[in-house]
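Peer 1: Quick one, what's the 3D model for this:
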Amino acid sequence: MVALTANIQNLSNSGLLTVETVEIAGETIGIRCLDWDRERFDIEFGLRNGTTYNSFLIQGEKIALVDTSHRKFEQLYLELITGLINPNQIDYLIISHTEPDHSGLVKDILQLAPDITVVGAKVAMQFLENMVHQPFKSIVVKNGDRLDLGKGHELEFISAPNLHWPDTIFTYDYQTGILYTCDVFGMHYCDDHTYDENFAAVEADFQYYYDCLMGPNARSVLAALKRIEKLEIKTIATGHGPLLQHHIPAWIEKYQTWSLEQAKTEKLVALFYAEDYGYSEHLVRNIGHGCTKAGVAVELIDLNSAELQEVREIVAQAAGLIIAMPSQSAMNAQAALSTILAAVHQKQAIGLLESGGGEDEPIYPLRNKLQELGLVEAFPPILVKETPSQSLEKLCDEAGTDMGQWLTRDRNIKQIKSINSELEKALGRISGGLYIITTKKGEIQSAMFASWVTQASLNPLGVAVAVGKERAIESLMQIGDRFVLNVLAEGNYQGLMRHFLKRFPPGADRFAGVKTYPANNGAPILAEALAYMECEISSRIDCGDHWIIYSTVQNGRVADINALTAVHHRKVGNHY
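Peer 2: Numbers count the residues shown, from 1 in each chain. Next up, the predicted model:
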């Protein structure tokens, strides 16, 4: 294998894609696939700095390739690999997990090197069989197993399930001190720097990535951190973003702190799914994201592989249960469902959804049994009739938020009552105008009634809006997103206020019965609004239970120059 640095660019319809190699340690090459202008990564990720997909070559007496790349890099990646080494010389392909952005080119590698041995967790092998549809050599590894490549490159495998895939493993090289973690400790951040030299530049993206992908499995994060605490880690080779080398103790401490805070959350929602069936895992992750926005912890459990004792224990701890229906023929999943029914207790909240696998266990008989046992339905059953769309993903996100808000209602009431009465009266004297935020992205559109709005800059013209973290619109208010700020008129706001303040069921059309027309940025303009402004989000500031969204203003118009903005005066300042 020749250590070299390449920088190959390809301009395509999907944007700027580049690949490069860098020697990250002795006999170890990092292969970075840089997706410079990717704007979204699943529904929860609005990206401002693109992303990278990283894989690695380790050369001892035998050679191992750790992970591949996204399908969009097929030509660039395979040309680079074949330029570095004859693929038939690669002995092992280590699969950190089978999510397509890291294993999308496994089948291509198998075609180039049919004698390669694939190494991964048992569940990963099952997933790969369904992905590549061809026989391959394999070694199933579990926590603590080792693989000796020679020349001191002894690899130890560390089990890290649910981070953020059920088959995740870490790989530690005792020769170089490199810990290969794939998604864990990663971030969606793309620039020319291989490493994390500038802590401040990437800190916000690191936390954003944790919040979206790792936070929902805080207990699994803590278990994984426990397993690596005695390793002498010199580099964390992540699957996304820069490799971590300069601030490793600080990054690990952040994961530890955030996960402890999340794990201590008062309420827990258990999300049961069957990963290798239908769209089960994909949809429950959207529900889990919605739950965490409302301030509850979540735990994902695979019905096909979970031990029944584990199922029993998690059901006993959980205040809410989400079940994505498994296949009727999946024996372990059916046994797990029976265990759930035996372990549930009254007043737990429940949410059910189909997996869309074609042979789903019927929802309604299970729903009836759970209601007979005294469980409360947090949202109506979610039915999956086709490939999940943005609308279905958003529905699941909103359903999760409904679940979280139901579980935290008593806590929120307690917090409202706990504030000093004089202080809350003083806060209530801060008045605000009345506005409705409207936005549209792809096939999804949403709206929010708002009064915490202010002009924030003159050059450029900019406004700031406070958006509660649990609000349904929050997922559409990421950096780079666009919205319309509709100003309500004094004496002519009651109808719109009543409409947009009512509670909408998950997935409901916020604009049914409301007259609108499209702005230049695609978001709806309310026909009854006094004025509107078209805005593009430039930055977000974390303010506890709210985000402060700062946006520049591009266009605007006033319908009635003589009318005044409606103003809201509160009596207290610790709730809306």
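
Peer 1: any weak-confidence spans in the stretch 151-300 of the chain?
Peer 2: The stretch 151-300 of the chain contains residues with pLDDT under 70 at 265-266.

Peer 1: which residue ranges form the helices in it?
Peer 2: 199-209, 218-228, 248-263, 280-293 (DSSP state H, counting those that start in this stretch).

Peer 1: Redo these as JSON lines? Include distance to residue 373 and mean neighbour count.
Peer 2: (Each C-beta comes from the backbone N, C-alpha and C, glycine too.) Listed next are the helices of the stretch 151-300 of the chain as JSON lines, based on distance: least, C-beta to C-beta, whole Å; neighbours: other C-beta atoms under 10 Å:
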{"stretch": "helix 199-209", "distance to residue 373": "39", "mean neighbour count": "18"}
{"stretch": "helix 218-228", "distance to residue 373": "26", "mean neighbour count": "18"}
{"stretch": "helix 248-263", "distance to residue 373": "27", "mean neighbour count": "16"}
{"stretch": "helix 280-293", "distance to residue 373": "21", "mean neighbour count": "26"}
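
Peer 1: can you put the ones you listed in a markdown table and add distance to residue 390?
Peer 2: A markdown table is the format used below for the helices of the stretch 151-300 of the chain (distance: least, C-beta to C-beta, whole Å):
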| stretch | distance to residue 390 |
| --- | --- |
| helix 199-209 | 20 |
| helix 218-228 | 27 |
| helix 248-263 | 27 |
| helix 280-293 | 10 |
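
Peer 1: And those: which comes nearest residue 124?
Peer 2: Taking C-beta to C-beta, helix 280-293 is the member of those nearest to residue 124, at 13.8 Å.

Peer 1: I'd like to know which elements the closest one is packed against.
Peer 2: strand 268-273, strand 297-302, strand 320-324, strand 349-353, helix 390-407 (3 or more C-beta pairs under 8 Å, 6 or more residues apart in numbering; DSSP states H and E).

Peer 1: Can you tell me which of those is nearest to residue 488?
Peer 2: Among the helices and strands packed on helix 280-293, helix 390-407 comes nearest to residue 488, with 24.1 Å by C-beta to C-beta.

Peer 1: now for the closest one, which elements pack on it?
Peer 2: Where contact means 3+ C-beta pairs under 8 Å, 6+ apart, helix 390-407 is packed against strand 268-273, helix 280-293, strand 320-324, strand 349-353, strand 444-450.

Peer 1: which residues in the stretch 351-500 of the chain form strands?
Peer 2: 376-377, 432-433, 435-441, 444-450, 453-457, 462-468, 482-487 (DSSP state E, counting those that start in this stretch).

Peer 1: who does the second one pair up with?
Peer 2: Note on strand 432-433: by DSSP bridges, its sheet partners are strand 567-568 (antiparallel).

Peer 1: Count the neighbours of residue 277 for me.
Peer 2: Neighbourhood size, residue 277 [other C-beta atoms under 10 Å]: 24.

Peer 1: what residues are up against the residue nearest to it when sequence neighbours are not counted?
Peer 2: Among residues not flanking residue 277 along the chain, residue 357 sits closest, at 4.5 Å (C-beta to C-beta, 6 or more residues apart in numbering). Applying C-beta atoms under 8 Å, 6 or more residues apart in numbering to residue 357 gives the contacts 274, 277, 278, 279, 280, 327.

Peer 1: Let me see the contact set for the second one.
Peer 2: With contacts taken as C-beta under 8 Å, 6+ apart, residue 277 has the following neighbours: 304, 326, 327, 330, 333, 355, 357.

Peer 1: rerun at 10 Å
Peer 2: By C-beta atoms under 10 Å, 6 or more residues apart in numbering, the contact list for residue 277 reads 302-304, 324-327, 329-330, 333, 355-360.

Peer 1: Most neighbours of all those residues, which one?
Peer 2: Going by other C-beta under 10 Å, residue 324 tops the contacts of residue 277 with 31 neighbours.

Peer 1: ok, residue 62 touching residue 148?
Peer 2: Yes: the pair residue 62 / residue 148 is scored as a contact, 8.3 Å apart, by C-beta atoms under 10 Å.

Peer 1: hang on, the earlier thing: in helices, which of the contacts of residue 277 fall?
Peer 2: Residues of the contacts of residue 277 located in helices (DSSP state H): residue 333.

Peer 1: Report the two of the contacts of residue 277 separated the most.
Peer 2: The widest separation within these (C-beta to C-beta) is 19.1 Å, between 302 and 358.

Peer 1: if I look at the residue nearest the centre of the chain, how far off is residue 229?
Peer 2: For the chain, residue 212 is the residue whose C-alpha lies nearest the centre (C-alpha atoms, centre = their mean; 3.6 Å). Applying C-beta to C-beta, to the nearest Å, the value for residue 212 to residue 229 is 25 Å.

Peer 1: cool, and residue 257?
Peer 2: Counting by C-beta to C-beta, the gap from residue 257 to residue 229 is 15 Å.

Peer 1: for residue 73, same thing?
Peer 2: 34 Å.

Peer 1: Of these two, which one has the most company?
Peer 2: residue 73 (25 against 10).

Peer 1: so what's the more buried one up against?
Peer 2: Neighbouring residues of residue 73 by C-beta under 10 Å, 6+ apart: 10, 17-19, 31, 33-35, 53, 55, 79-80, 101, 104-105.

Peer 1: Check residue 382 too.
Peer 2: 283, 287, 322, 324, 351-354, 363, 392, 395-396, 399, 506-507.

Peer 1: again, only using 7 Å
Peer 2: Going by C-beta atoms under 7 Å, 6 or more residues apart in numbering, residue 382 touches 353, 354, 395, 396, 399.

Peer 1: Repeat that for residue 336.
Peer 2: 303, 306, 308, 311.

Peer 1: Over to residue 402?
Peer 2: So residue 402 contacts 378, 379, 506 (C-beta under 7 Å, 6+ apart).

Peer 1: ends of stretch 81-98, how far apart?
Peer 2: By C-alpha to C-alpha, to the nearest Å, the extent of stretch 81-98 from end to end equals 20 Å.

Peer 1: ugh, wrong one, I meant stretch 289-298
Peer 2: Span of stretch 289-298 from end to end, C-alpha to C-alpha: 9 Å.

Peer 1: ok, and what's touching that stretch?
Peer 2: Residues contacting stretch 289-298 (C-beta under 7 Å, 6+ apart): 44, 212, 215-216, 218, 262-263, 265, 267-269, 271, 288, 396-401, 403-405, 407-408, 469-470, 474.

Peer 1: Counting neighbours, what do you get for the nearest residue to residue 569 once chain neighbours are set aside?
Peer 2: Setting aside the residues directly before and after it, residue 569 is nearest to residue 431 in space (C-beta to C-beta, 6+ apart), at 5.1 Å. When neighbours are counted by other C-beta under 10 Å, residue 431 registers 10.

Peer 1: what residue ranges in the chain score low on pLDDT?
Peer 2: 1-15, 38-48, 265-266, 410-420, 573-576.

Peer 1: Please report how far residue 165 lies from residue 213.
Peer 2: Residue 165 is 10 Å from residue 213, where distance means C-beta to C-beta.

Peer 1: Let me fix that, I meant to ask about residue 528.
Peer 2: For residue 528 relative to residue 213 (C-beta to C-beta), the value is 40 Å.

Peer 1: Residue 557 touches residue 534, doesn't it?
Peer 2: No: the criterion here is C-beta atoms under 7 Å, and residue 557 misses it with residue 534 at 9.5 Å.

Peer 1: more neighbours, the two?
Peer 2: When residue 557 and residue 534 are compared for neighbours, residue 534 comes out ahead with 21 against 11, by other C-beta under 10 Å.

Peer 1: Nothing else from me, thank you.
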